[in-house]
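Peer 1: Got a predicted structure plus its sequence, pasted below:
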Amino acid sequence: MNFAPNHKVTVVLGATAVGTTSVNTSEINMADYEGVVFVAHFGAVTDGSPGIKAQGGAQSNGSDAADFAASDTADTAAAASGQAVVLDVYRPLQQYVRGVITRGGSTGAVIQGVIAIQYGSKAHPVVNDATSIASTVLSVSPNFGTA
(Lines give C-alpha, C1' and ligand atoms only; values in the text may rest on other atoms or scores of the structure.)
Protein backbone atom coordinates (compact mmCIF):
# COMPACT_ATOMS: atom_id res chain seq x y z
CA MET A 1 0.00 0.00 0.00
CA ASN A 2 1.38 3.42 -0.96
CA PHE A 3 1.46 6.12 1.68
CA ALA A 4 0.52 9.21 -0.36
CA PRO A 5 -2.87 8.19 -1.81
CA ASN A 6 -4.00 6.52 1.42
CA HIS A 7 -3.17 9.10 4.10
CA LYS A 8 -4.27 12.71 4.59
CA VAL A 9 -1.50 15.04 5.77
CA THR A 10 -2.27 18.40 7.40
CA VAL A 11 -0.02 20.96 9.07
CA VAL A 12 -2.03 21.65 12.23
CA LEU A 13 0.37 24.02 13.99
CA GLY A 14 3.21 26.18 12.71
CA ALA A 15 6.33 27.30 14.53
CA THR A 16 5.68 28.83 17.95
CA ALA A 17 8.17 30.87 19.99
CA VAL A 18 9.57 29.65 23.29
CA GLY A 19 7.01 29.56 26.07
CA THR A 20 5.54 27.57 28.92
CA THR A 21 1.85 27.58 28.01
CA SER A 22 0.01 24.76 26.26
CA VAL A 23 -0.88 25.36 22.60
CA ASN A 24 -3.83 23.77 20.75
CA THR A 25 -3.50 22.53 17.19
CA SER A 26 -6.35 22.98 14.74
CA GLU A 27 -9.16 20.41 14.87
CA ILE A 28 -9.09 17.36 12.61
CA ASN A 29 -12.39 15.98 11.30
CA MET A 30 -12.20 12.21 11.79
CA ALA A 31 -15.28 11.38 9.68
CA ASP A 32 -14.25 8.58 7.30
CA TYR A 33 -10.89 7.92 9.06
CA GLU A 34 -9.88 5.29 11.60
CA GLY A 35 -7.03 7.17 13.20
CA VAL A 36 -4.71 10.15 13.26
CA VAL A 37 -1.01 10.42 14.08
CA PHE A 38 0.28 13.71 15.45
CA VAL A 39 3.99 14.43 15.02
CA ALA A 40 5.17 17.36 17.17
CA HIS A 41 8.67 18.66 16.49
CA PHE A 42 10.39 20.71 19.19
CA GLY A 43 13.22 23.23 18.88
CA ALA A 44 15.17 24.39 21.91
CA VAL A 45 13.87 22.86 25.14
CA THR A 46 15.14 24.91 28.07
CA ASP A 47 13.20 23.07 30.77
CA GLY A 48 9.92 21.32 31.42
CA SER A 49 8.64 18.11 29.87
CA PRO A 50 7.26 19.00 26.43
CA GLY A 51 4.92 16.59 24.74
CA ILE A 52 1.55 16.29 23.08
CA LYS A 53 -1.79 15.02 24.31
CA ALA A 54 -5.09 14.56 22.47
CA GLN A 55 -8.51 16.07 23.00
CA GLY A 56 -11.79 15.44 21.21
CA GLY A 57 -15.38 16.55 20.97
CA ALA A 58 -18.43 16.97 18.75
CA GLN A 59 -17.86 20.65 17.87
CA SER A 60 -15.59 21.62 14.97
CA ASN A 61 -14.38 24.70 16.87
CA GLY A 62 -13.12 22.67 19.85
CA SER A 63 -15.45 24.40 22.31
CA ASP A 64 -16.38 21.05 23.90
CA ALA A 65 -12.93 19.41 23.61
CA ALA A 66 -11.87 17.24 26.54
CA ASP A 67 -8.70 15.27 27.23
CA PHE A 68 -8.42 11.67 26.08
CA ALA A 69 -7.24 9.39 28.88
CA ALA A 70 -3.62 8.18 28.74
CA SER A 71 -2.76 10.28 25.69
CA ASP A 72 -0.02 12.60 27.04
CA THR A 73 3.39 11.74 25.57
CA ALA A 74 5.12 13.90 28.22
CA ASP A 75 4.09 11.26 30.75
CA THR A 76 6.07 8.59 28.89
CA ALA A 77 9.01 10.28 27.15
CA ALA A 78 9.39 14.05 27.11
CA ALA A 79 11.10 15.57 24.08
CA ALA A 80 14.57 17.07 24.23
CA SER A 81 15.90 19.87 22.01
CA GLY A 82 15.48 19.01 18.33
CA GLN A 83 13.41 15.90 18.97
CA ALA A 84 9.89 14.98 17.93
CA VAL A 85 7.16 13.09 19.75
CA VAL A 86 4.51 10.97 18.07
CA LEU A 87 0.97 10.37 19.30
CA ASP A 88 -1.32 7.89 17.53
CA VAL A 89 -5.06 8.21 18.24
CA TYR A 90 -6.85 5.12 16.92
CA ARG A 91 -10.64 4.98 16.55
CA PRO A 92 -11.52 8.06 18.61
CA LEU A 93 -15.13 8.17 19.76
CA GLN A 94 -15.43 11.88 18.93
CA GLN A 95 -15.64 13.33 15.41
CA TYR A 96 -13.19 16.19 16.01
CA VAL A 97 -9.72 15.59 17.44
CA ARG A 98 -6.89 18.00 18.17
CA GLY A 99 -3.45 17.84 19.68
CA VAL A 100 -2.45 19.96 22.64
CA ILE A 101 1.23 20.76 22.91
CA THR A 102 2.27 20.76 26.57
CA ARG A 103 5.46 22.61 27.54
CA GLY A 104 5.65 23.68 31.20
CA GLY A 105 8.75 24.56 33.18
CA SER A 106 9.86 28.09 34.00
CA THR A 107 11.21 28.92 30.52
CA GLY A 108 9.68 26.17 28.37
CA ALA A 109 10.26 25.06 24.79
CA VAL A 110 10.09 26.13 21.16
CA ILE A 111 7.59 24.32 18.93
CA GLN A 112 8.91 23.83 15.40
CA GLY A 113 5.54 22.57 14.15
CA VAL A 114 2.97 19.79 14.27
CA ILE A 115 1.62 17.67 11.44
CA ALA A 116 -1.37 15.33 11.55
CA ILE A 117 -1.55 12.20 9.39
CA GLN A 118 -5.00 10.65 9.09
CA TYR A 119 -5.15 6.99 8.10
CA GLY A 120 -7.63 4.19 7.50
CA SER A 121 -9.73 6.22 5.07
CA LYS A 122 -13.13 4.82 4.16
CA ALA A 123 -13.34 7.14 1.12
CA HIS A 124 -10.85 7.35 -1.74
CA PRO A 125 -9.04 9.13 -3.17
CA VAL A 126 -7.59 10.86 -0.11
CA VAL A 127 -6.80 14.53 -0.73
CA ASN A 128 -4.31 16.45 1.43
CA ASP A 129 -5.22 19.74 3.06
CA ALA A 130 -4.59 22.28 0.27
CA THR A 131 -4.13 25.15 2.72
CA SER A 132 -1.11 23.54 4.38
CA ILE A 133 0.38 21.01 1.92
CA ALA A 134 1.89 22.49 -1.25
CA SER A 135 2.31 19.26 -3.23
CA THR A 136 2.43 15.48 -3.03
CA VAL A 137 4.40 13.23 -5.37
CA LEU A 138 4.14 9.44 -5.64
CA SER A 139 7.20 7.87 -7.26
CA VAL A 140 6.60 4.21 -8.16
CA SER A 141 9.60 1.92 -8.80
CA PRO A 142 11.97 4.82 -9.51
CA ASN A 143 15.21 4.19 -11.38
CA PHE A 144 18.36 6.34 -11.32
CA GLY A 145 18.17 9.53 -13.33
CA THR A 146 17.17 13.14 -13.15
CA ALA A 147 14.81 13.83 -10.29
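Peer 2: Yes, it's here.
Peer 1: The residue nearest to the spatial centre of the chain and residue 100, how far apart?
Peer 2: Per CA atoms, centre = their mean, the C-alpha nearest to the average position across the chain is that of residue 38, at 2.5 Å. Applying CB to CB, to the nearest Å, the value for residue 38 to residue 100 is 10 Å. Placement of C-beta: from N, CA and C, glycine included.
Peer 1: Over to residue 41?
Peer 2: Noted for residue 41: a distance of 15 Å to residue 100, by CB to CB.
Peer 1: Regarding the residue lying closest to residue 50 once chain neighbours are set aside, what are the backbone dihedral angles?
Peer 2: Counting by CB to CB, 6 or more residues apart in numbering, residue 50 lies nearest to residue 109, which is 4.3 Å off, once chain neighbours are set aside. The phi and psi values for residue 109, taken as degrees, to the nearest 10, are phi -150, psi 160.
Peer 1: so what's residue 109 bridging to?
Peer 2: residue 19, residue 45 (DSSP bridges).
Peer 1: likewise the one 5 residues further on?
Peer 2: On the basis of DSSP bridges, residue 114 is bridged to residue 13, residue 40.
Peer 1: Show me the shaky parts of the protein.
Peer 2: Low-confidence segments of the chain, defined by pLDDT under 70: 1, 75.
Peer 1: ok, now with 90
Peer 2: By pLDDT under 90, the weakly predicted segments of the chain are 1-6, 46-49, 70, 72-80, 104-107, 122-147.
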